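K.L.:
Kindly return the folded structure for what I paste below:
(chains A and B)
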There are 2 protein chains.
Amino acid sequence: MPFRFELDRTAGAARAGVFTTPHGDVETPAFMPVGTLATVKAIDPDDLRVMRAGMILANAYHLHLRPGDELVRELGGLHRFMGWDGPILTDSGGFQVFSLADLRRVDEEGVEFKSHLDGSRRFFTPELVMRIERNLGADVIMQFDHVIPGQSDEPTARDASERSVRWLERCLRAFTELEASGDAAGTPYSDQALFPVVQGGIHDGLRREGGRRAAAVADFVGYGIGGLSVGEPKPQMYATIEVMDETLPKDRPRYLMGVGFPEDLIECVRRGVDLFDCVAPTRMGRTGTAFTSLGRINVKRAEHRSNAAPLDPNCACPLCSRFSRAYLRHLVTSDEILGLRLLSLHNVHFLVTLMRDARAAIRDDTFDRWSRHWLERYAAGATTSSSTA
Amino acid sequence: MPFRFELDRTAGAARAGVFTTPHGDVETPAFMPVGTLATVKAIDPDDLRVMRAGMILANAYHLHLRPGDELVRELGGLHRFMGWDGPILTDSGGFQVFSLADLRRVDEEGVEFKSHLDGSRRFFTPELVMRIERNLGADVIMQFDHVIPGQSDEPTARDASERSVRWLERCLRAFTELEASGDAAGTPYSDQALFPVVQGGIHDGLRREGGRRAAAVADFVGYGIGGLSVGEPKPQMYATIEVMDETLPKDRPRYLMGVGFPEDLIECVRRGVDLFDCVAPTRMGRTGTAFTSLGRINVKRAEHRSNAAPLDPNCACPLCSRFSRAYLRHLVTSDEILGLRLLSLHNVHFLVTLMRDARAAIRDDTFDRWSRHWLERYAAGATTSSSTA
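P.N.:
Numbers count the residues shown, from 1 in each chain, chains lettered A, B, ... in the order given. Predicted structure coming up:
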């Protein structure tokens, strides 16, 4: 069995574990940098190795449109294509066809939409998405799910949640058939694990039902939690995570999709989440905003103009260990690529390291104290920072 | 004496030497990557160290406008500011005020222009430019010169060339005074060498006169050759370089400003040039064009779509040693930052390595054969490449 999850230690609901995949171990909790188009934006795979990122993401929707999943397979799969030999997870594109593309029609069979690139008409079904993700060859692949707007009412959320479970069954069937048959030439696909995505909005009943029904379809290697961090109030998100923690099997990794800010990561680790991803660190890096141990910082502000100190005195990343805030501000305000590269690197390094620190705290049995102290310092920094606005 | 130039070996007019500066030795001939705004676009100083780039450029005009040369000095000078402890040369901004800015008026005193950034009115004199370059603190600083359009007639070229010599005298006086006085607080400036810029267009007489008069102003550490590669036919450029080779002191490094393409570098090394700079490798890198040992390649072309081979089979750069043409094309056509970073890296690595190879050939006494073979292969590749268009 190429996949395994070992729970090392817990602290309340928080968990420190090791998720084994065909391309290596992922120490959890972990933040997974997002490489939508087979590149973590502005970052080199070597940078990710240096910061010891465990697992990274890529996106089935985007890679299907370009360069094409068939081409990626022809070139040896995603790992070889993008020069990353560590674990990879592909998102199914469920989120993208419902948010990015021009959506035409959803029915029981699948989703018709127009490509955001060229307007071409496309039809995604659970079966097609499994073939795409098989071709890409990531270690973990997500089911194709029915995604709905953030605060949808209960009937809408129920409809989407139940459809997602039916699509999970179809995904599993296609996934298994492809495993048996191999590709058109009969060449076997690589070892992969399929994760369900549990939907249900902020409706506790739907979440419980969704989680139980997904786990009843099969004994999956791990579980995705979808449809959160899409505009709902933070307390509702946290409450929903607590419901999921009670519902999902304890001995399987839980992946909270699209969550991203440092404070959310810590609050959700506290509530039993193991894996996270988000485009925030790279997207914010490209617009001049930094996560730091002392709160969020807008690098472009004039107050940093002649500041010879590093961006974050508590950070050992390639930016903070070598350059001043003044230089970083100069790069960012001059639209220099090095600036957005260094800031993207810093932000990703920040979240990867934050989860490594959380893991150490869980193992040391100091998670509760560590996390409260961390959140206080981060919030105080944010206050100080805005008071000098 | 912190500056020294030792000629190791010659092959005809071609020279292999070592140019010693306060921040280290530069093995010549050498290509100097251009870091206009205190960053070689899309490249990290660590990348430059790995490829063993000897000396890099920055630009006085651009850095005066932002972030300001006073600020750079306050932060410890250009080396510390940009995290590069190797040799740096600053261009004076002569070229920029005549090409980039909105030029208002040139008289004997200096040049009035409007900033290309905010339209603010500025007045550059040789004295101000010396203060700017003193503040920036590069190892080698260029004189402020009068730059004219490429193929100007003899009277126009003579006027600008003679004014450049008079400005050289003023630059040297200001340079020496600042050395004696230090800055406003009396703090001494770092050790720097002032290079003249010899102008004169494609007029042999003016070039001879300009070179002799510059060398008569003082025994300079090295000499810049300006006003070439601005649209004149290649044979005229090469002929002018030959005139400069005869005119300039043999025991001083010669820096041909703004020259840039591989074939030009080799032809000009053959004619006695030691140092080069050009924005071409990074600018072309950002638009998808690569120098390779088999000719120039447009990476975006469909023929590279599924090519699993490296961009250049004879290159050991971080792009060619790890990624396929297919992946590079995917990155570039998707406007991914990693693509333009890797391609900029490759192009700069290519020229830095080309000059290192030229140096080795001069020392081995094989330069003539090596260079002819190299140019043939490069030209043949270019033909093959366009025949598959």
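K.L.:
tally of neighbours for the residue nearest to A:G295 when sequence neighbours are not counted?
P.N.:
Leaving aside its chain neighbours, A:G295 sits nearest to A:G381 (2.8 Å; criterion: Cβ to Cβ, 6 or more residues apart in numbering or on different chains). Every C-beta, even on glycine, is put in place using the N, C-alpha and C of the backbone. The tally of other residues near A:G381 (other Cβ atoms under 10 Å in any protein chain shown) stands at 17.
K.L.:
same thing with A:L75?
P.N.:
19.
K.L.:
cool, the one 4 residues further on as well?
P.N.:
The tally of other residues near A:H79 (other Cβ under 10 Å) stands at 22.
K.L.:
go on, A:Q151?
P.N.:
Around A:Q151 there are 14 other residues, counting by other Cβ under 10 Å.
K.L.:
now swap in A:A60 and tell me
P.N.:
Neighbours of A:A60 using other Cβ under 10 Å come to 27.
K.L.:
how close does the residue nearest to A:G295 sit to A:D312?
P.N.:
For A:G381, the distance to A:D312 equals 10 Å [Cβ to Cβ, to the nearest Å].
K.L.:
Got the phi and psi for the nearest residue to A:A101 once chain neighbours are set aside?
P.N.:
Distances taken as Cβ to Cβ, 6+ apart put A:F113 closest to A:A101, at 4.0 Å, once the chain neighbours are dropped. With angles defined as degrees, to the nearest 10, A:F113 sits at phi -150, psi 170.
K.L.:
Pull the contacting residues for A:F113.
P.N.:
A:97, A:101-104, A:121-124 (Cβ atoms under 8 Å, 6 or more residues apart in numbering or on different chains).
K.L.:
give me that answer again for 6 Å
P.N.:
Neighbouring residues of A:F113 by Cβ atoms under 6 Å, 6 or more residues apart in numbering or on different chains: A:97, A:101, A:103-104, A:122.
K.L.:
Identify the bridge partners of the spatially most central residue of chain A.
P.N.:
Centroid check for chain A by Cα atoms, centre = their mean gives A:D277 as the closest residue, at 1.9 Å. Per DSSP bridges, the residues bridged to A:D277 are A:M32.
K.L.:
Model confidence for it, exactly?
P.N.:
Note on A:D277: pLDDT of 98.
K.L.:
Now for it: which residues touch it?
P.N.:
Per Cβ under 6 Å, 6+ apart, neighbours of A:D277: A:32, A:34, A:57.
K.L.:
Against chain B, how distant is A:T289?
P.N.:
17 Å (Cβ to the nearest Cβ, to the nearest Å).
K.L.:
What residues are recorded as beta-bridge partners of A:R254?
P.N.:
Counting by DSSP bridges, A:R254 forms beta bridges with A:Y223.
K.L.:
any chance you could map the helices in the stretch 151-300 of chain A?
P.N.:
With helices called from DSSP state H, counting those that start in this stretch, the stretch 151-300 of chain A shows them at A:154-181, A:204-217, A:234-247, A:262-270, A:280-286.
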